[in-house]
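Undergrad: A structural model of the following input is requested.
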Amino acid sequence: MTHEPPAAGFSLKPVLTGEKTVLRPFTAADADTMAEIIDDPEVLRFTGDSPNDLTPDFLRSWYGSRNAQPDRLDLAVTDRATGELLGEAVLHDWDPARRSCTFRTLIGPTGRDRGIGTEAVRLIVGHGFERLGLHRIDLDVYSHNHRARHVYEKVGFTEAGVTGESVLRDGERHDATLMSILAPDWAKHRGRPVRP
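TA: Predicted coordinates:
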């Protein structure tokens, strides 16, 4: 399939609904909960140290302005049953000429080990390919983040390269793995590849 994403593609902020989760646009009111999620020890271990400039005012401004960004898609990951905010899923670094972008996500403690992350990745990646006309989506995952890598592989991302010892955590150096998924592969399995 060769088509360009609609001009308003990343400007439109959809609500994506799965069986367990709903991805919805952020509001400034989400800032306090996201501050707690970002400061979770496991999130910090796998994403990086929480910068000092993530003040309450900055986070309110950041999450309050996500819907005005025409070149990226930041969605809140919520529990479908309760509406609780659990994390975020983001398509960013959009390259219109190559029809590609980068993906990242983080899920706080109350959203883990429930299949929420897997479903959230399928929803936003599917949106990227099926609605925005992307050709390639990339992500980076640290070698010690086994849970995230398992989710990405389960959805169909494959390893594209490794940057050796690119991060230092708890006195140990870890590689960063570039993973990617292409539109033709997504079209075959829709985020549910047959794995050996």
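
Undergrad: From here on, just use CA atoms for contacts and neighbour counts.
TA: Fine.

Undergrad: remind me which residues of this structure are low pLDDT?
TA: For the chain, applying pLDDT under 70 flags the ranges 1-8, 48-52, 196.

Undergrad: which residues in it form helices?
TA: Ranges of helices in the chain, per DSSP state H, are 31-38, 41-47, 56-64, 116-130, 146-155, 183-189.

Undergrad: what's the distance between the last one and the middle of its chain?
TA: A distance of 19 Å separates the centroid of the chain from that of helix 183-189, by CA atoms, centre = their mean, to the nearest Å.

Undergrad: looking at the protein, which residue ends up farthest from its center?
TA: residue 171 (26.8 Å; CA atoms, centre = their mean).

Undergrad: Mind jotting down where the strands sit in the protein?
TA: For the chain, applying DSSP state E gives strands covering 16-17, 21-25, 73-79, 85-95, 100-107, 136-142, 158-169, 172-182.

Undergrad: and the residue farthest from the centre of the chain, what does it touch?
TA: Under the criterion of CA atoms under 8 Å, 6 or more residues apart in numbering, the contact list for residue 171 is empty.

Undergrad: Tabulate the CA atom coordinates of stretch 135-142 in PDB.
TA: Below are the C-alpha coordinates for stretch 135-142, written out as PDB (Å, rounded to 0.1, in the frame of the first residue of the first chain):
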ATOM      1  CA  HIS A 135       5.700   2.600   6.600                       C
ATOM      2  CA  ARG A 136       8.000   2.000   9.600                       C
ATOM      3  CA  ILE A 137       7.900   2.500  13.300                       C
ATOM      4  CA  ASP A 138      11.100   2.200  15.400                       C
ATOM      5  CA  LEU A 139      11.900   2.000  19.100                       C
ATOM      6  CA  ASP A 140      14.800   1.600  21.500                       C
ATOM      7  CA  VAL A 141      14.800  -0.800  24.400                       C
ATOM      8  CA  TYR A 142      17.500  -1.300  27.000                       C
END
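
Undergrad: quick one: contacts of that stretch?
TA: Residues external to stretch 135-142 that are found in contact with it (CA under 8 Å, 6+ apart): 46, 98-104, 125, 129, 148-149, 167, 174-184.

Undergrad: re the thing from before, how much space between the residue farthest from the centre of the chain and residue 38?
TA: Distance of residue 171 to residue 38, given as CA to CA, to the nearest Å: 21 Å.

Undergrad: Give me the neighbour count for residue 195.
TA: 7 (other CA atoms under 10 Å).

Undergrad: Residue 188 too?
TA: Counted with other CA under 10 Å, residue 188 comes out at 10.

Undergrad: With residue 119 instead?
TA: Residues near residue 119, counting by other CA under 10 Å: 22.

Undergrad: what does residue 47 give?
TA: 17.

Undergrad: same deal with residue 19?
TA: Neighbours of residue 19 (other CA under 10 Å): 11.

Undergrad: again, but for the one 4 residues further on
TA: Burial measure for residue 23: 28 neighbouring residues, criterion other CA under 10 Å.
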